[in-house]
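Visitor: build me a structure from this.
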Amino acid sequence: MIADDLAGKRIAVTGSTGFLGTALVERLIRSVPDCELVLLIRKGRMRTVEQRAQREIFKNNCFDRIREQVGGKAPFDELVARRVTVIEGDVGTDGLGLTAEGRALLAGCDIVIHSAATVSFDSPIDLAVEVNLLGPTRIAQTLQDLEVTPHLVAV
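Guide: Numbers count the residues shown, from 1 in each chain. Below you'll find the predicted structure:
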């Protein structure tokens, strides 16, 4: 089974604050034993990436099943703290806007799942090009610059 093949792997995910990305994070946490997640999140105007992760990902009711399985909010928060690392980054920026620590964490990933996108039909064309067209290229270029070759999955 695929989940068994991913057990114990470090998996980076972009787009985790979106609809598809949040569902992907939930499924990985629930179905893949001992995988570690590195979530690349763009800093908000008023929130840090950690605050965005808590508010936009882990408060989502799609995690209710896991919260119930582990025994409530406190054990769930401990699970997330143990298995998830959040790094600041932006696929709309060359080099992904990563710090040295973020680059090291990304370099240590076995798999990178790129699901970040702007899906608004009225987004300015330059923003859509930066994220949707150049984003995957920037991910691949950054991995090449880091001299690592994780499996790269583009959604």
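
Visitor: residues of the helix or strand containing Asp64 that come out buried?
Guide: Using DSSP states H and E, Asp64 sits within helix 64-70. For helix 64-70, the buried set under the neighbour-count rule, 16 or more other C-beta atoms under 10 Å, comprises 66-67, 70. Bear in mind the C-beta positions are built from the backbone N, C-alpha and C, glycine included.

Visitor: same deal with stretch 116-131?
Guide: In stretch 116-131, counting by 16+ other C-beta under 10 Å, buried: 116-118, 128, 130-131.

Visitor: same list, those, but as JSON lines with pLDDT please.
Guide: Below are these laid out as JSON lines (pLDDT from 0 to 100):
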{"residue": "Ala116", "pLDDT": "93"}
{"residue": "Ala117", "pLDDT": "87"}
{"residue": "Thr118", "pLDDT": "84"}
{"residue": "Ala128", "pLDDT": "83"}
{"residue": "Glu130", "pLDDT": "81"}
{"residue": "Val131", "pLDDT": "84"}
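
Visitor: now, which of those residues lie within helices?
Guide: Among these, the members found in helices (DSSP state H) are Ala128.

Visitor: just put the buried residues of stretch 116-131 in JSON lines and tack on distance to Arg10.
Guide: Shown next, in JSON lines, are these (distance: C-beta to C-beta, whole Å):
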{"residue": "Ala116", "distance to Arg10": "18"}
{"residue": "Ala117", "distance to Arg10": "23"}
{"residue": "Thr118", "distance to Arg10": "27"}
{"residue": "Ala128", "distance to Arg10": "30"}
{"residue": "Glu130", "distance to Arg10": "27"}
{"residue": "Val131", "distance to Arg10": "24"}
